[in-house]
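[1] mind looking at a prediction? Sequence and model below.
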Amino acid sequence: MNREKFLARVREATIAGRAHRVHIDPTLPASVGYVGGGADLVESLATEINAVGGSATVVEDLDAARDQLLDLLALYQPKSALCWRHPLLDRLDLNSILAEQRVAQLDYESLSLIPSIAQREKMVAADIGITSVSYAVAETGSLVVTSQPGQERLASLLPPVHIAIVERSQIVPDLFDMFAILGRQIETGLPTNLAFITGPSKTGDIELTLITGVHGPGKWHVIVIR
């Protein structure tokens with residue numbers, strides 16, 4: 001196909017698409033479209049995570065979360081883990097768990113002590129990523145993560161397995177609620193990087209064949225603490 005024919009087809013498709021444009025009715029209340037997260041945000045979040053290809057486990061407290069994490073470490077037998085520094089992970093005593101299981105912990109402090117080339121090599125070789133979240137959205141089963149020193153985005157993007165630890169106070173019902181929170185942060189400054197993670201990494205080739213785990217974690221586990 002020559003250039004002119006190609007551009008003509010683009011113009012035709014653009015004209016056809018105008019018939020399906022979305023028009024917002026200004027008389028509608030702002031709450032139209034609000035879904036919410038149901039009566040039990042913990043269960044709703046877990047259900048949606050499982051529905052999008054992840055694996056969610058609801059536990060009652062930190063002790064049960066530690067047991068679940070130990071089970072996952074036993075399953076995957078990682079040699080190294082790329083980890084966030086986060087108050088919830090500190091309360092979980094992640095440092096001790098990994099040390100007891102002889103898993104090398106790669107975090108902001110340990111990586112900052114070595115040259116940048118060695119840092120990249122260790123991060124690329126990490127078997128598992130362990131993070132918490134900034135927020136979690138019950139409606140969609142999404143984890144909202146922001147990037148900052150000690151909470152690098154690579155921990156949730158690079159290793160083949162991602163484990164996230166979430167507690168009830170981090171869960172918001174709906175995307176409307178999430179964007180309302182972000183709207184209130186505009187004056188104080190939004191994070192430079194914010195990602196919504198919904199399910200394990202997926203990609204579709206030109207034939208629309210869905211493949212999991214090509215460009216990121218193929219296994220996505222979320223431990224939700226009630």
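    Perfect, I can see it now. Predicted model only: the values in this text are computed from it and were never measured.
[2] please name the residues that touch residue 168.
    Contacts for residue 168 (CB atoms under 8 Å, 6 or more residues apart in numbering) come out as 41, 42, 224, 225, 226. Every C-beta, even on glycine, is put in place using the N, C-alpha and C of the backbone.
[3] so which of the residues you listed are in strands?
    Of the contacts of residue 168, the ones assigned to strands by DSSP state E are 224, 225.
[4] ranges for the strands of the protein?
    55-59, 80-83, 104-106, 128-131, 135-137, 142-146, 161-167, 171-172, 194-197, 202-204, 210-212, 219-225.
[5] from the chain's centre, how far out does the second one sit?
    Going by CA atoms, centre = their mean, to the nearest Å, the spacing between the C-alpha centre of strand 80-83 and its chain's C-alpha centre is 16 Å.
[6] name the nearest residue to the most centrally placed residue in the chain, sequence neighbours excluded.
    For the chain, the residue lying nearest the average C-alpha position, counting by CA atoms, centre = their mean, turns out to be residue 197 (3.2 Å). Of all residues beyond its chain neighbours, the one nearest residue 197 is residue 143 (4.4 Å), with distances taken as CB to CB, 6 or more residues apart in numbering.
[7] and the helices in the chain, which stretches?
    Counting by DSSP state H, residue ranges of the helices within the chain are 3-17, 41-51, 62-76, 87-92, 94-100, 108-111, 116-125, 154-157, 175-184.
[8] in TSV: those helices, plus distance to residue 134, mean pLDDT and mean neighbour count.
    As requested, the helices of the chain are arranged in TSV below (distance: least, CB to CB, whole Å; pLDDT from 0 to 100; neighbours: other CB atoms under 10 Å):
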stretch	distance to residue 134	mean pLDDT	mean neighbour count
helix 3-17	35	80	9
helix 41-51	14	97	20
helix 62-76	18	98	16
helix 87-92	11	97	16
helix 94-100	18	97	16
helix 108-111	16	92	14
helix 116-125	21	93	12
helix 154-157	11	93	21
helix 175-184	9	92	14
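[9] could the ones you listed go into a markdown table alongside distance to residue 202?
    As requested, these are arranged in a markdown table below (distance: least, CB to CB, whole Å):
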| stretch | distance to residue 202 |
| --- | --- |
| helix 3-17 | 26 |
| helix 41-51 | 14 |
| helix 62-76 | 20 |
| helix 87-92 | 27 |
| helix 94-100 | 28 |
| helix 108-111 | 28 |
| helix 116-125 | 21 |
| helix 154-157 | 13 |
| helix 175-184 | 20 |
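[10] quick one, which of these is nearest to residue 167?
    The stretch from the helices of the chain with the least distance to residue 167 (CB to CB) is helix 87-92; that distance is 6.0 Å.
[11] just the CA coordinates for the closest one, please, in CSV.
    Below are the C-alpha coordinates for helix 87-92, written out as CSV (Å, rounded to 0.1, in the frame of the first residue of the first chain):
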residue,chain,number,x,y,z
PRO,A,87,6.4,0.7,57.3
LEU,A,88,4.1,-2.3,56.7
LEU,A,89,7.1,-4.5,55.6
ASP,A,90,9.0,-3.3,58.7
ARG,A,91,6.1,-4.4,60.9
LEU,A,92,6.1,-7.7,59.1
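[12] alright, I will stop here.
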